[in-house]
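>>> My questions are about this predicted structure, shown below with the sequence.
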Amino acid sequence: FENNFTFNFNAIYMYLPGNIKYQYYLKGLESNWSPESTVSQAVYTNLSHGDYELHVQALAEDEKKSSVQKLKFTILPPWWHTWWAYCLYGFLSVFFVIAMMILQTKRVERMQKEKFEKQKRLNEQLELQVKERTIELSASLEKVEEANQEITSSLKYAEMIQRSLLPGLDTFKTEIPDSFVIWSPRDIVGGDIIFAEFVKHGLIGAVIDCTGHGVPGAFMSMIASSGLRMIVTEEGCLDPAEILKRLNYFVIKSLQQDTELAQSDDGMDVSLCFCNIKEKTITFAGAKLPLVYIHNGELTLIKGERQSIGYRKSDLNFNYKNHTIAFEEGMSFYMFTDGITDQLGGEKNRIFGSKRLKKLLCDNNDNKFTAQREIIMEAFHSHKGNGERQDDVTLVGFNLDKIMAAGERSHQPAARGQVPGKPDKEE
């Protein structure tokens, strides 16, 4: 591949043979003439392959010019610029691309295989761990189930003991014909209780809502029951306001909640009335809980005092107030805890509310008490829906017409230790 050229040229002018100048240009490389020069040689190096044409002209001193002399020549391309070389380049490029694709594919396949193998090993390890954990969880679950069965059995037994110590539920059901009772602990045992005790001149009845629910509430309910029984039967106190005052003192002292050593702050709300058969009156006193009575379609609510019983802040010397109602035939009385009124439910998840309960009682007062009970529970369940129970639910409704008509009577309460019927678990 020759691409360096030296061109020598010469001109003869007979009239003025000296001082002849030359100019030239190489077509294919240049487009302008070179400057005039006496040098009769043109040198070109590193020319690219292609077709060229050298143009040369001589100039005499009298400014006459010779004709332009031309020399054509062609520089052949080197082998690496030939068509067969380009074909080779194309073939090698395609081969290289294909080879790279094959290598990359094999590399990806190898990486995927390694990843798959790694994932497979990891999955095997995880499966082994899952099996081991499943075995451990199954063993733990069996222990939990056994413990749960033991706890449930203990609670069932505690329920039986609680009901044996709290016979007021059956007293209402059996001794007051026209009545209904709703007693539905949120758990197996609860903190709501019904106290009923026949005395010389009538009946002491109470609905009590102790702190909490479940086992703590059940303990408090037994304290409340034993305190009431002591005050009513042993001390012979029949004045509702005085009974609440003494019960307040009894609970605070029993739990030592009037001392700095007290670790608890528990108490209760109470709705209590004395139905005096001799004088045909009903005397009510309440601690946070009300008494509702309906007569001739008119509902009256008597609120309890704003002072709970037994808490640290409860005043030992607080005097509760009596409310005496002259009995008239056709009167219906209702006592209840806040478990039903505070139940959340409905589309907007609001409380059932005392307004709704009072309307239910008033609208259905002419129905039999068994029917009233069903209507109230249906409304409660409809409101609660699939929601969670907030608290124990207790409501007592009764009519004293038959008892008042029978006149004063002496009544001995059911023997202690008798196991009453079951609570309304589905309620």
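Yep, that arrived.
>>> can we go C-alpha only for contacts and neighbour counts from here?
Will do.
>>> Break down the stretch 201-350 of the chain into its helices, ranges please.
Counting by DSSP state H, counting those that start in this stretch, the stretch 201-350 of the chain has helices at residues 214-229, 240-254.
>>> repeat for the stretch 1-150 of the chain
Under DSSP H, counting those that start in this stretch, the stretch 1-150 of the chain gives helices at 83-165.
>>> Flag the shaky bits of it, pLDDT-wise.
Along the stretch 1-150 of the chain, segments meeting pLDDT under 70 span 1, 17.
>>> now residue 231: how far from residue 305?
20 Å (CA to CA, to the nearest Å).
>>> Reformat the helices of the stretch 201-350 of the chain into TSV and put mean neighbour count next to each item.
Shown next, in TSV, are the helices of the stretch 201-350 of the chain (neighbours: other CA atoms under 10 Å):
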stretch	mean neighbour count
helix 214-229	21
helix 240-254	21
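>>> Go through the ones you listed and name the closest to residue 265.
Closest of those to residue 265 is helix 240-254, at 9.2 Å (criterion: CA to CA).
>>> circling back: looking at the helices of the stretch 201-350 of the chain, which has the lowest confidence?
Lowest mean pLDDT of the helices of the stretch 201-350 of the chain: helix 214-229, a mean of 83.
>>> what's the angle between that one and helix 240-254?
Orientation check (axes from the mean of the first three to the mean of the last three CA atoms, to 10 degrees): helix 214-229 against helix 240-254 gives 130 degrees.
>>> Show the average pLDDT along the strand or helix carrying residue 195.
Using DSSP states H and E, residue 195 sits within strand 192-199. Mean pLDDT, strand 192-199: 88.
>>> same question, stretch 301-316
Averaging pLDDT along stretch 301-316 gives 92.
>>> how long is it from one end to the other?
27 Å.
>>> Contacts for that stretch next, please.
Residues from elsewhere that reach stretch 301-316 (CA atoms under 8 Å, 6 or more residues apart in numbering): 244-245, 247-252, 257-258, 265-271, 285-293, 320-321, 323.
>>> Now intersect those with the strands, please.
Those of these mapping onto strands are 268, 269, 270, 271, 285, 286, 287, 291, 292, 293, 323, per DSSP state E.
>>> about what we covered before: ok, the strand holding residue 195: who's next to it in the sheet?
Within its sheet, strand 192-199 is paired with strand 202-210 (antiparallel), according to DSSP bridges.
>>> Let's see the strand it pairs with as CSV, backbone CA atoms only.
Taking C-alpha atoms only, strand 202-210 is exported to CSV below (Å, rounded to 0.1, in the frame of the first residue of the first chain):
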residue,chain,number,x,y,z
GLY,A,202,-92.1,-6.3,102.7
LEU,A,203,-89.2,-6.7,100.3
ILE,A,204,-85.7,-5.2,100.0
GLY,A,205,-84.6,-5.3,96.4
ALA,A,206,-81.5,-3.9,94.8
VAL,A,207,-79.5,-3.9,91.5
ILE,A,208,-75.8,-3.4,92.0
ASP,A,209,-73.1,-2.7,89.5
CYS,A,210,-69.7,-3.4,91.0
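>>> In it, which residues are buried?
By 16 or more other CA atoms under 10 Å, the buried positions in strand 202-210 come out as 202, 203, 204, 205, 206, 207, 208, 209, 210.
>>> nearest residue to the third one other than its sequence neighbours?
Ranked by CA to CA, 6 or more residues apart in numbering and with sequence neighbours excluded, the top spatial neighbour of residue 204 is residue 274, at 4.6 Å.
>>> Contacts only, for that neighbour.
Per CA under 8 Å, 6+ apart, neighbours of residue 274: 202, 203, 204, 205, 238, 239, 240, 282, 283, 284.
>>> Quick check: beta-bridge partners of it?
residue 204, residue 283.
>>> Quick check: the gap between it and residue 238.
As judged by CA to CA, residue 274 and residue 238 stand 7 Å apart.
>>> shared neighbours of the two, which are they?
Taking CA under 8 Å, 6+ apart as the criterion, residue 274 and residue 238 both touch residue 204.
>>> Name the nearest of the contacts of residue 274 relative to residue 60.
When the contacts of residue 274 are compared against residue 60 (criterion: CA to CA), the nearest one is residue 284, at 150.5 Å.
>>> Okay, that closest one and residue 75: tell me how far apart.
Applying CA to CA to residue 284 and residue 75 gives a distance of 131 Å.
>>> circling back to that earlier point, okay, the strand holding residue 195 in CSV with CA atoms only?
Output in CSV follows, covering the C-alpha atoms of strand 192-199 (Å, rounded to 0.1, in the frame of the first residue of the first chain):
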residue,chain,number,x,y,z
ASP,A,192,-73.6,-7.1,88.4
ILE,A,193,-75.8,-8.6,91.0
ILE,A,194,-79.5,-8.7,92.0
PHE,A,195,-80.2,-8.6,95.7
ALA,A,196,-83.7,-9.6,97.0
GLU,A,197,-84.6,-10.2,100.6
PHE,A,198,-88.1,-10.6,102.1
VAL,A,199,-88.4,-9.0,105.5
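>>> Going forward, the N-terminal residue is numbered 32.
New numbering, starting at 32: the last item is strand 223-230.
>>> what is the orientation angle of that strand with helix 114-196?
Angle, strand 223-230 to helix 114-196, by the same axes, to 10 degrees: 10 degrees.
>>> And strand 223-230, what's buried?
223, 224, 225, 226, 227, 228, 229, 230.
>>> how far is that strand from where the chain is centred?
42 Å (CA atoms, centre = their mean, to the nearest Å).
>>> what do you get for stretch 205-221?
Using CA atoms, centre = their mean, the offset of stretch 205-221 from its chain centre is 35 Å.
>>> do stretch 342-354 as well
Distance of stretch 342-354 from the chain centroid (CA atoms, centre = their mean) equals 41 Å.
>>> Over to stretch 427-437?
Relative to its parent chain, stretch 427-437 has a centroid offset of 49 Å by CA atoms, centre = their mean.
>>> Quick one: end-to-end distance for stretch 363-383.
Terminal-residue distance, stretch 363-383 (CA to CA): 22 Å.
>>> So for it, what gets flagged as buried?
Buried residues in stretch 363-383, counted by 16+ other CA under 10 Å: 363-376, 382-383.
>>> Strands - which of those residues land there?
Counted as lying in strands by DSSP E, out of those, are 363, 364, 365, 366, 367, 375, 376, 382.
>>> Can you tell me which of those comes closest to residue 395?
residue 363 (11.1 Å).
>>> Once you drop chain neighbours, what's closest to that closest one?
Distance criterion CA to CA, 6+ apart; nearest residue to residue 363, sequence neighbours excluded, is residue 430 at 4.8 Å.
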